[in-house]
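*Asks:* Next one to model:
(3 chains)
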Amino acid sequence: MLKQAMELLQTEKAFNPVITLLDWYDLNRRELPWRHAQPDPYHVWLSEVMLQQTTVVAVTPRYARFLERWPDIQALAEASLDDVLHEWQGLGYYARARNLHCCAQHIVAQDEGRFPDTEKALHDLPGVGDYTAAAIAAIAFGEPVAPVDGNVIRVISRLDALEQIMPTGKQVVQKRVTRLVPEDRPGDFAQAMMDLGAIVCTPRNPKCEICPWEEACKARAGGDAQSYPRKAPKKHKPTRYGVVFWLTDRSGRVMLRRREEKGLLGGMMEFPSTEWLEQAQSSEDVAFQAPVSDVVWKELVGPKKALEAIAIKDSHLF
DNA sequence: AACACGGGGTT
DNA sequence: AACCCAGTGTT
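*Replies:* Below you'll find the model as predicted:
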């Protein structure tokens, strides 16, 4: 039929964003430790949780160590929470490690070790939200769903020049990207979207010249891709200042204290410090808050950088 | 909708 | 020094 031939011709010529993206992904496929042809759900789960708010560079060596120590979910379930938290040390968001351990025990005990295999079931796990449930479902089980993270929000906002304020308008992105998911390669599509956002469609100075979607991108056409996604003005977070105390005894041991069980870094050890206020305190106020008073405190001038590192000046952290 | 939760990066 | 980045859970 002539009509069919015309349609075929058109589909061949028309720009197909999904095909174009998957071709780009296949050409640039990065070999990462958590990439496999037949991904182990446990591996995908661990990598996705570890990658929450954490860079690939930071995750790569830690992921390898973690799997070496606990190669499967049974092994993780048998580990002590303390060991898991120590293995997680330095990665931040320690609730992730607690949830991981809790999930492992639950799955091994209640479900005979059978890993939840649908987006819906995955979402019930503590520490697995919208993004991670969709990511595991697509990558490990081939379910045609689309994880939406910051990368995907950025890529889709630019593709369609969405004026919705993000992340409030995340639903619009979710619907749009879900329509794009190819039935045959949902996992590759998910990873390709995130790679595109991480490598090409970056928050600042996006590399539009090498983007597989350049000709389709509305924001690019408008000449200001970087201004997407639209965002609400952020609240001011004032810097807070404090002093950390470094106290050693004759054998060189350093004084630590344990934080409250609830709240930030609950139950973990820290250096004694003053309150954290928006204005630097007087030396009298600092001395009053010192853990011991019958010593002569010396201000560390040389290693001040180290002190700053310990103090973590970032206002919203302390 | 706003905030808490740690770590990293760029300007 | 100031700013940006951004999943999950709680409120």
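*Asks:* nearest spatial neighbour of A:S227, skipping sequence neighbours?
*Replies:* Leaving out its chain neighbours, the residue that sits closest to A:S227 by CB to CB, 6 or more residues apart in numbering is A:A219, at 7.5 Å. For the C-beta atoms, the positions are set from N, CA and C on the backbone; glycine is no exception.
*Asks:* measure the one you found to A:I165 for me?
*Replies:* 15 Å (CB to CB, to the nearest Å).
*Asks:* circling back: let's test this: mean pLDDT of the helix or strand hosting the residue nearest to A:S227, rounded?
*Replies:* Assigning secondary structure by DSSP states H and E places A:A219 in helix A:218-221. Per-residue pLDDT over helix A:218-221 has a mean of 93.
*Asks:* same question, stretch A:20-27
*Replies:* Mean predicted lDDT for stretch A:20-27 stands at 92.
*Asks:* who touches that stretch?
*Replies:* By CB atoms under 8 Å, 6 or more residues apart in numbering, the surrounding residues in contact with stretch A:20-27 are A:P182, A:R185, A:D188, A:F189, A:Q191, A:A192, A:M193, A:D195, A:L196, A:P212, A:W213.
*Asks:* want to throw these into CSV with pLDDT?
*Replies:* Supplementary listing: the contacts of stretch A:20-27 in CSV, determined by pLDDT from 0 to 100:
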residue, pLDDT
A:P182, 96
A:R185, 94
A:D188, 93
A:F189, 94
A:Q191, 91
A:A192, 93
A:M193, 93
A:D195, 90
A:L196, 91
A:P212, 94
A:W213, 95
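*Asks:* is it true that the residue nearest to A:S227 touches A:R230?
*Replies:* No. Look at A:A219 against A:R230 with CB atoms under 8 Å: they stay out of range, at 10.5 Å.
*Asks:* who's more crowded, those two?
*Replies:* A:A219 (23 against 14; other CB atoms under 10 Å).
*Asks:* how about that one, what does it touch?
*Replies:* Contacts of A:A219 (CB under 8 Å, 6+ apart): A:S157, A:R158, A:L159, A:A161, A:A225, A:S227, A:Y228.
*Asks:* intersection of neighbour lists for A:A219 and A:R230?
*Replies:* Joint contacts of A:A219 and A:R230 (CB under 8 Å, 6+ apart) are A:S157.
*Asks:* in the helix holding A:A219, what's buried?
*Replies:* Buried residues in helix A:218-221, counted by 16 or more other CB atoms under 10 Å: A:A219, A:R220.
*Asks:* And the longest helix anywhere in chain A, what does it pack against?
*Replies:* The helix that spans the most residues within chain A, counting by DSSP state H, is helix A:95-110. Counting contacts by 3 or more CB pairs under 8 Å, 6 or more residues apart in numbering; DSSP states H and E, helix A:95-110 is packed against helix A:41-51, helix A:73-78, helix A:81-88.
*Asks:* what are the phi and psi values for A:D40?
*Replies:* phi -80, psi 120 (degrees, to the nearest 10).
*Asks:* I'd assumed A:A140 was in contact with it.
*Replies:* Yes. With contact defined as CB under 8 Å, A:D40 counts as touching A:A140 (7.4 Å).
*Asks:* which of the two has more neighbours?
*Replies:* A:A140 (22 against 16).
*Asks:* Report how many residues lie close to the residue in the stretch 101-250 of chain A positioned nearest to DNA strand B.
*Replies:* When distances are taken as CB to the nearest atom of the strand, the stretch 101-250 of chain A reaches nearest to DNA strand B at A:T168, 4.1 Å away. Residues lying near A:T168 (other CB under 10 Å) number 11.
*Asks:* Name the SS class of it, please.
*Replies:* coil (DSSP: H, G, I helix; E, B strand; the rest coil).
*Asks:* hang on, isn't it packed against A:A232?
*Replies:* Yes. Using CB under 8 Å, A:T168 is in contact with A:A232, at 7.4 Å.
*Asks:* follow-up on the earlier one: now the helices and strands packed on helix A:95-110 as a markdown table including mean pLDDT and mean neighbour count?
*Replies:* Below are the helices and strands packed on helix A:95-110 laid out as a markdown table (pLDDT from 0 to 100; neighbours: other CB atoms under 10 Å):
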| stretch | mean pLDDT | mean neighbour count |
| --- | --- | --- |
| helix A:41-51 | 93 | 22 |
| helix A:73-78 | 94 | 17 |
| helix A:81-88 | 92 | 14 |
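*Asks:* how about the contacts of stretch A:20-27, which pair is most distant?
*Replies:* Largest separation among the contacts of stretch A:20-27 by CB to CB: A:R185 and A:W213, giving 17.0 Å.
*Asks:* quick one: A:G92 and A:T54 touch, right?
*Replies:* Yes. With contact defined as CB under 8 Å, A:G92 reaches A:T54; the gap is 7.0 Å.
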